[in-house]
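Sharing a sequence plus its predicted fold:
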Amino acid sequence: MARAAGVSPATASRALNGTTRVREDLRRRVLEAADQLGYIPNAHAQALASSSNNTVGVICHDVGDPYFAAIASGVMAAAAEQDLLVMLASTFRAPAREIAYVSMLRAQRARAILLIGSGFQDPAWERALESELAPYIRDGGRVAVVSRHRSLRVDTVQPENRAGAGALARALLSLGHREFAVLTGPERLTTVADRLAGFRAALTDAGVALPPERIVEGAFTRDGGHAAAVELLRRGQRPTCVFAVTDVMAVGALGALRERGLRVPDDVSLAGFDDIPLVGELTPPLTTVALPLTRMGRDVLALALRERGVRSRVERVRGEVVLRASTGRPAA
């Protein structure tokens, strides 16, 4: 068609796609040639060519986890208001897969890349991620993240995980608890490390010990919380209060405690973190630290799309302790 119109292929493409102004006489020749040849634009190819203008890539750990689903829903709602297409990928907490997805989004010329999962405390992963993101940012791409990423200098929506866990510990101490256990995810995740550190520090400040045998690591999932609670009881530990570092793990722990004949909160209190949808409707409703998850999704997209500034911005998000019926005063 470009040959029929007597123009270069690039000029023909620009005239048909409208991506750049083309001289009126050249545009008219291209359109006349297209009409004579019965040319129909390839919508898929046009979409790929313009992807840098309308596509946002969202990389999370597991969209099946209500925490990530709630944040992603906020991103998608905000993106829809601006006619942006969201491409969503789950890494299932595999660092190499996260790097691969970032590389794919670079190839697709995504307008922005959002990382909405915890960072990994892994220098090799940090270097690999930086090597992918640095040229993408230099070429005009935008990056924003949710949660703490140690080495990235990008716009961040950062839940105050350490402070929130500390506030929860103080609230539980005020109920009279002194015997605690923590069900934790892998400590290589910055979210896990921060929540455990905040909870432990508040206990230490109150003169309350958290013995190593009462810290049980499991997968960052419902099944992981169930397995960690089973392991805690297998060790012969019977604290008066159990803190699971995520609500999803707390839901699994609740099932495990019930299966073994323990009543919550009569025999043992249970608390989580995040306030994912529905935990307020459990039996009993779950004590937790509430984060505005949907709003966080909106905020991280807004950061990615803002005018490029000299310095990256960190928006800190405070968690609110919500005491519900899953916690009470310890039995006498």
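Received, thanks.

so where's this structure uncertain?
Confidence mapping of the chain against pLDDT under 70 gives the ranges 1-2, 4-5, 7, 9, 12-14, 16-22, 35, 37-53, 308-311.

one more time with 50
Applying pLDDT under 50 to the chain flags residues 43-45, 47-51.

What separation do you get for the residue positioned nearest the centre of it and residue 192?
Most central in the chain under C-alpha atoms, centre = their mean is residue 116, positioned 2.6 Å from the mean C-alpha point. Applying C-beta to C-beta, to the nearest Å, the value for residue 116 to residue 192 is 16 Å. (Each C-beta comes from the backbone N, C-alpha and C, glycine too.)

I'd say residue 99 and residue 127 touch.
No: between residue 99 and residue 127 there is no contact under C-beta atoms under 8 Å: 10.1 Å.

more neighbours, the two?
More neighbours surround residue 99 than the other of residue 99 and residue 127, with 18 against 10 (other C-beta atoms under 10 Å).

Check which helix or strand that one maps to.
Assessed by DSSP states H and E, residue 99 sits inside helix 95-107.

and what of residue 283?
Of the helices and strands defined by DSSP H and E, none includes residue 283.

so where do the strands sit in the stretch 101-250 of the chain?
112-115, 142-146, 155-159, 180-184, 215-217, 241-244 (DSSP state E, counting those that start in this stretch).

Quick check: which of those is buried the most?
strand 241-244 (a mean of 29; mean count of other C-beta atoms under 10 Å).

Any chance you could list what contacts that strand?
With C-beta atoms under 8 Å, 6 or more residues apart in numbering as the test, strand 241-244 has contacts from 165, 168-169, 172, 175, 177, 179-183, 199, 225, 228-229, 232, 250, 252-253, 257, 268-273, 327, 330.

at 6 Å what do you get?
For strand 241-244, the external contacting residues (C-beta atoms under 6 Å, 6 or more residues apart in numbering) are 172, 177, 180-183, 199, 225, 250, 253, 269-272.

Repeat that for stretch 303-320.
112, 142, 144, 153-160, 164, 289-291, 299.

Name the residues of it that come out as buried.
For stretch 303-320, the neighbour count (16 or more other C-beta atoms under 10 Å) marks 303, 304, 305, 315, 317, 319 as buried.

The fifth one pairs with what?
Residue 317 forms beta bridges with residue 159, as assigned by DSSP bridges.

where's it relative to residue 291, distance?
6 Å.

In contact with residue 239, which residues are there?
179, 180, 181.

meant to ask about residue 27
So residue 27 contacts residue 15 (C-beta under 6 Å, 6+ apart).

so how far is residue 6 from it?
13 Å.

How about residue 54?
On the measure of C-beta to C-beta, residue 54 and residue 6 end up 32 Å apart.

swap in residue 34?
From residue 34 over to residue 6 (counting by C-beta to C-beta), the distance is 13 Å.

quick one, which of those two is more surrounded?
Neighbours around residue 34 and residue 6, counted as other C-beta under 10 Å, are more numerous at residue 34. The numbers are 18 against 12.

Now that one: which helix or strand?
If you go by DSSP H and E, residue 34 is part of helix 24-37.

All set now, cheers.
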